[in-house]
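Engineer: pasted the sequence and its predicted model underneath.
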Amino acid sequence: MLTKSKAKDLWELRGRLVSTGTAAYTDVVIDHAQNAKVWDVDGKEYVDFAGGIGTLNVGHCHPKVVAALREQAGKLLHTSFHVAAYPNYMEAARRLVDAVPGRGPKKTIFFNSGSEAVENAVKFARAYTKRKAVISFDNAFHGRTLLCLTLDGKYKPLRQGLGPFAGEVYHARFPYSYRPPRGVSAEDLTAYCLEELEKLFLTDVAAEDVAAIIVEPVQGEGGFVVPTKGFLSGLRQVCDRHGIVLIVDEVQTGFGRTGRFWAMEHEGVEPDLITIGKSLGAGMPISAVAGSAAILDAAATGAIGGTYGGNPMSCAAALAVFDIFKEEDLVARANSIGRKVQERFDGWRDKLKIVGDSRGLGAMRAIELVADKKTKAPLPAAKVKDIVHDCAHRGLIVIKAGVFDNVIRTLMPLTIPEEDLERGLDVLESALKGASA
Ligand SMILES: Cc1ncc(COP(=O)(O)O)c(C=O)c1O
């Protein structure tokens, strides 16, 4: 007998076979994809504003990525870099090191996931400074492994019930200008957060015991929170003053998303280490730590690495990504997408009662949904979920973020054609208007 909906059947199978520990932002079951469009197993077409959570800045199945993978698959799938090196690892390392800001000798090393890059950046910082403590921020997200979830600045569902956590991790305040602490003005927020950090050195951990401060240049999972001006450069100064390694986590912001190749370039900040993931591999699992050669050479040989890190297939994809960024000028495209999305988002913030804030950098844009614009009470997560599902029903894949799960963010491929961008924005507008009525 013919089934009416393959997607429904597969969703039922997912429920029966797959751990419920993994999130389900939508109930779409995808068959294939091209650039900024995906088709589900029943043939329904969607515009994709999630881009594999920011991994697909060059679009789904970019022909150059697919060709590079096909060629590599016939040549060499794996050796483990620990066992034997291969040329495209070194070539990808060269391209990445050239792209990373900062003076002085630089190096890199590849891993599989963003979490793995973050874990290892902390290990490098500890080995280099011979100190133990690490500072991250409220509302931060650095991944789901034990150290990463300890760094995360959101408790539920990431940490609840999963302790004990890694030791020597401290949380400082991140400047979230839509929700500043009571009595602190937007103009004073940078100074306030930097002063709070200095206070932390007195109350929780001495600066000379801190190995690293890790910060997202725009908080991703935290709801696309752009720090107030001067905050990142202030952190740079704090790190310089106290001999602390500054790790900038560009896993979500990296590769042109914010309208510069790296988000930290907006403030001219040079990190000691940078963590990279997601769009480096166009969907293939590859991540990296890059930066100061002295820090990257501080760990004992054999202390860092893994079976798959910098696998030949992932390196082949990364090399294609570097070429595509240049040939298609995707950093510039991030700015033009960003301008269009911002115009629409700002308009919704001014007109629709549930849109409390419109923010972002380049094409990394978000709206924060509220139940009440005056009190800024978050729109309940269940209502946000309804909006996301309504969008999917109307043919748009979009995902939420934020500590209150009330932010809708855009991570569409930077290769998205204008008509798909417009179509996606029209769908989102209709869903928001329906929810505002
Ligand atoms: C800033 C940041 N760091 C780290 C991670 C973890 O990356 P992964 O999920 O590949 O482990 C993420 C994932 O969303 C991220 O946004």
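Structural biologist: That came in fine, so what should we check first?
Engineer: what does the nearest residue to Q219 once chain neighbours are set aside show for phi and psi?
Structural biologist: The shortest distance from Q219 to any non-neighbouring residue, by Cβ to Cβ, 6 or more residues apart in numbering, is to V225 (4.1 Å). Where you see a C-beta, it was placed from the backbone N, CA and C, and this is true even at glycine. Note on V225: its backbone torsions stand at phi -90, psi 120 [degrees, to the nearest 10].
Engineer: tell me who's in contact with V225.
Structural biologist: With contact set as Cβ atoms under 8 Å, 6 or more residues apart in numbering, V225 has these partners: N139, F174, Y176, S177, Y178, V218, Q219, R359.
Engineer: swap in 10 Å and give it another go.
Structural biologist: Applying Cβ atoms under 10 Å, 6 or more residues apart in numbering, one finds that V225 lies in contact with 137, 139-140, 174-179, 216, 218-219, 357, 359-360, 366, 368, 401-403, 407.
Engineer: same deal with P417?
Structural biologist: For P417, the contacting residues are N35, A36, K37, V47, G59, R423, by Cβ under 10 Å, 6+ apart.
Engineer: same thing but at 6 Å, please
Structural biologist: With contacts defined as Cβ atoms under 6 Å, 6 or more residues apart in numbering, P417 has no neighbours.
Engineer: pop out the phi and psi values for it.
Structural biologist: Taking degrees, to the nearest 10 as the convention, P417 sits at phi -70, psi 150.
Engineer: now the closest residue to F404 other than its chain neighbours, which residues is it bridged with?
Structural biologist: Leaving out its chain neighbours, the residue that sits closest to F404 by Cβ to Cβ, 6+ apart is P378, at 3.7 Å. Taking DSSP bridges as the rule, P378 bridges to V370.
Engineer: would you quantify the distance from P378 to A67?
Structural biologist: Counting by Cβ to Cβ, to the nearest Å, the gap from P378 to A67 is 45 Å.
Engineer: and those two? which has more neighbours close in?
Structural biologist: P378 (21 against 12; other Cβ atoms under 10 Å).
Engineer: correct me if wrong: that one contacts N406.
Structural biologist: Yes: counting by Cβ atoms under 6 Å, N406 is a contact partner of P378 at 4.1 Å.
Engineer: before we move on, the earlier item: check the contacts of V225 against the ligand, which are close?
Structural biologist: Among those, proximity to the ligand is found for E216 (Cβ under 6 Å from any ligand atom).
Engineer: quick one: buried ones out of the contacts of V225?
Structural biologist: Taking 16 or more other Cβ atoms under 10 Å as the criterion, what is buried in the contacts of V225 is 137, 139-140, 174-178, 216, 218-219, 357, 359-360, 366, 368, 401-403, 407.
Engineer: just the residues you listed: which are in helices?
Structural biologist: Among the buried ones among the contacts of V225, no member falls in helices (DSSP state H).
Engineer: select from those every entry located in strands.
Structural biologist: Of the positions in these, F137, D357, R359, G360, A366, E368, A401, V407 sit in strands, assigned by DSSP state E.
Engineer: so what's the third one up against?
Structural biologist: This means R359. Counting by Cβ under 6 Å, 6+ apart, R359 has contacts V226, A366.
Engineer: S430 versus that one, what's the distance?
Structural biologist: Relative to S430, and taking Cβ to Cβ, R359 is found at 22 Å.
Engineer: equivalent analysis for H242, please.
Structural biologist: 51 Å.
Engineer: what about the two, which has more around it?
Structural biologist: H242 (17 against 14).
Engineer: which residue, other than its chain neighbours, is closest to the more buried one?
Structural biologist: Among residues not flanking H242 along the chain, A207 sits closest, at 3.9 Å (Cβ to Cβ, 6+ apart).
Engineer: distance of that neighbour from P87?
Structural biologist: Distance of A207 to P87, given as Cβ to Cβ: 43 Å.
Engineer: looking at these two, which is more packed in?
Structural biologist: A207 (19 against 10).
Engineer: ok, the more buried one to the ligand distance?
Structural biologist: When distance is defined by Cβ to the nearest ligand atom, to the nearest Å, A207 is 24 Å away from the ligand.
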